[in-house]
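>>> dropping the sequence and predicted coords here.
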Amino acid sequence: MARIDRFVCALRHVQDLVLLCLIVAALVAARDDSGGVDPRPAIGFHLGQSYGTAAAHLANGTVIELAKVDGSPAYRAFMQHELLRQQDSDLFAAPARTPATRAQLAWLLNEYLGFEDEAQVLAVMLRALRTASEEALGAEPLPATVVLGAPYMRAWQDEETSDRSIVARARRLAGLPHIQVQNMDPVYLAEAHAVLAANGQELCQHRRCYGPMLSEQDPFRREVIYLISLTDQSLYTSFQLATCYFLTPVGGRLGTINPDFGLRKQDHTSNRDGDFWHEFEEYVVARWVDHAADGDNYRGSYTVLLAGEGADDADFQRAVGKAMARIAVGSPDAERETGPPPRVSLLVSQDPSFAAARGVALWRRTMMDGKYCADFDEPAGWEEDEGDVYRDEL
């Protein structure tokens, strides 16, 4: 009897080993499958703080800008409101997989009572981007290749995995077909991630192509991304840890849209002689103070990432430079020892108005084409314990 038990136990181990080998073989086959290039355009729509943009990543690697649509006052107010919700939630909380969240229950109640779905505000923007993109591409309807990006909303984190999420509902209302993203990918791409990807940063191609089971590449860096996005209508700021762009942000918090600092607002400032930009500088530093004052936040190194249609403005960049110099001095709290002053570096996005949409389109292209990974070769000297060798540095 004992011999039979040992045989059964050994058989189970063999079955487990065979199953593991099959999984690994499938992953390697998926990576090595050059299966050709999907000829359809990979399309990215970005729902920005005050306008929406669309870009297409073509099969030959060319990226074209399709549309830029200004948001209505209702749209801008909605984005500002959504960022304010749940700012006090757990810093490292992962998206919950609960069967029904409070937001979803509210949606069901509104649907039962016949009230307008709040996702309609987003749907109006998506519909405008869809129509403009169809015209630009000469394709109606658009191919089922559209994925979305937006400022990271902590208020949406509990419904990221639900087909009833506000993003999914907005897609349906706008006439965009459902897209099944890869298993580990978020439902929408966070703006900071999209901008970084468009600038060739945090691509983590080794991890993207081999997957978390086969890649030892660390998905995180000890770096805080301080995003400052300036548009004609508002200023969007946020903080998050640097991580592979196709992952859900970790430590994403303090996201705020401030309508007082849009480029068009400086003409209406009561004070003159540069007071607008002085107040802007004070605000940028104050946002950092809020972040650094929380002992749970890493604050040893910051990359200040500039984006939005105002990113190229000389006065804007000058004010940011002054704020960075003050941040680099050190602790915002004289009574608390915080160690050495933080390292602070600057990254001004290329094509700042469309960078987020371009990054979202790149994300979609990597899902569609096996060639993205078939052409990828491990860098010379890659070793499992040297993840920093390959990781994209800002």
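All right, it came through fine. Numbering: from 1, shown residues only.

>>> quick one: the strands in the protein, in order.
42-47, 51-57, 63-70, 146-150, 189-190, 220-230, 235-243, 253-258, 301-307, 343-348 (DSSP state E).

>>> low pLDDT regions in the stretch 101-250 of the chain?
Applying pLDDT under 70 to the stretch 101-250 of the chain flags residues 101-116, 158-163.

>>> quick revisit: need the strands of the chain in TSV with distance to residue 76 and mean neighbour count, can you?
To be clear about C-beta, it is placed using only N, CA and C from the backbone, and glycine gets the same treatment. Below are these laid out as TSV (distance: least, Cβ to Cβ, whole Å; neighbours: other Cβ atoms under 10 Å):
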stretch	distance to residue 76	mean neighbour count
strand 42-47	11	29
strand 51-57	9	26
strand 63-70	9	18
strand 146-150	13	27
strand 189-190	19	29
strand 220-230	13	23
strand 235-243	11	24
strand 253-258	8	21
strand 301-307	17	23
strand 343-348	24	15
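
>>> and those as CSV, adding distance to residue 202?
Shown next, in CSV, are the strands of the chain (distance: least, Cβ to Cβ, whole Å):
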stretch, distance to residue 202
strand 42-47, 16
strand 51-57, 17
strand 63-70, 18
strand 146-150, 14
strand 189-190, 11
strand 220-230, 8
strand 235-243, 6
strand 253-258, 18
strand 301-307, 10
strand 343-348, 11
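
>>> for residue 368, which of those strands is the nearest?
strand 42-47 (5.5 Å; Cβ to Cβ).

>>> check contacts around the closest residue to residue 351 other than its chain neighbours.
Excluding its sequence neighbours, the residue lying closest to residue 351 (Cβ to Cβ, 6 or more residues apart in numbering) is residue 358, at 6.7 Å. By Cβ atoms under 8 Å, 6 or more residues apart in numbering, residue 358 lies in contact with 44, 55, 57, 63, 65, 194, 198, 351.

>>> double-check the fourth one against residue 56; I have them as touching.
Yes - using Cβ atoms under 8 Å, residue 63 is in contact with residue 56, at 7.1 Å.

>>> helices of the stretch 101-250 of the chain, residue ranges please.
102-113, 120-137, 166-173, 191-198, 205-214 (DSSP state H, counting those that start in this stretch).

>>> which residues are in contact with the fourth one?
Judged by Cβ under 8 Å, 6+ apart, the contacts made with helix 191-198 from elsewhere in the structure are 44, 46, 48, 149-152, 189, 202-203, 225, 227, 229, 236, 238, 240, 243, 245-247, 249, 252, 305, 307, 349-352, 355-360, 362-363.

>>> circling back: can you pull the residues that touch both of residue 63 and residue 56?
residue 361.

>>> quickly list what residue 241 is bridged to.
Assessed by DSSP bridges, residue 241 has beta-bridge partners residue 224.

>>> now it: how far from residue 63?
27 Å (Cβ to Cβ, to the nearest Å).

>>> ditto for residue 53
For residue 53 relative to residue 63 (Cβ to Cβ), the value is 12 Å.

>>> what of residue 313?
The gap separating residue 313 from residue 63 is 24 Å, by Cβ to Cβ.

>>> got it, and residue 197?
Residue 197 is 12 Å from residue 63, by Cβ to Cβ.

>>> now do residue 249
Taking Cβ to Cβ, one finds residue 249 at 23 Å from residue 63.

>>> same check, this time on residue 308
Residue 308 is 19 Å from residue 63, by Cβ to Cβ.

>>> also residue 224?
Counting by Cβ to Cβ, the gap from residue 224 to residue 63 is 28 Å.

>>> same check, this time on residue 366
13 Å.

>>> do the same with residue 362
8 Å.

>>> name the residues contacting each of the two.
residue 57.

>>> how about the contacts made by residue 177?
144, 146, 171 are the contacts of residue 177 under Cβ under 8 Å, 6+ apart.

>>> change it to 6 Å
When contacts are counted by Cβ atoms under 6 Å, 6 or more residues apart in numbering, residue 177 touches residue 144.

>>> then the one 5 residues further on?
When contacts are counted by Cβ under 6 Å, 6+ apart, residue 182 is found next to residue 367.

>>> quick one: it and residue 166, what's the gap?
Distance from residue 182 to residue 166, by Cβ to Cβ: 21 Å.

>>> before we move on, what about residue 175?
From residue 175 over to residue 166 (counting by Cβ to Cβ), the distance is 16 Å.

>>> looking at the two now, which is surrounded by more residues?
residue 166 (25 against 13; other Cβ atoms under 10 Å).

>>> please tell me how far the nearest residue to that one once chain neighbours are set aside sits from residue 139.
Closest residue to residue 166 apart from its sequence neighbours, by Cβ to Cβ, 6+ apart: residue 119 at 4.8 Å. Distance check for residue 119 against residue 139: by Cβ to Cβ, it reads 25 Å.

>>> then residue 258?
38 Å.

>>> picking up where we left off before, for residue 263, which of the helices of the stretch 101-250 of the chain is the nearest?
helix 191-198 (18.1 Å).

>>> distance of residue 274 from residue 263?
Applying Cβ to Cβ, the value for residue 274 to residue 263 is 15 Å.

>>> quick one: which of these two has more around it?
residue 263 (19 against 15).

>>> so that one touches residue 309, yeah?
No - in this structure residue 263 lies outside contact range of residue 309 using Cβ atoms under 6 Å: 7.7 Å.

>>> okay, the closest residue to residue 209 other than its chain neighbours: pLDDT?
In this structure, residue 209 finds its nearest non-sequential neighbour in residue 373, 3.7 Å apart by Cβ to Cβ, 6+ apart. Each residue has a pLDDT score; the one for residue 373 is 89.

>>> which residues does residue 361 contact?
Listed by Cβ under 6 Å, 6+ apart, the contact set of residue 361 reads 42, 44, 55-57.

>>> shared neighbours of residue 366 and residue 63, which are they?
Between them, residue 366 and residue 63 share no contacting residue, judged by Cβ under 6 Å, 6+ apart.

>>> starting at the chain centroid, how far to stretch 120-140?
Centroid displacement of stretch 120-140 relative to its chain, using Cα atoms, centre = their mean, to the nearest Å, is 21 Å.
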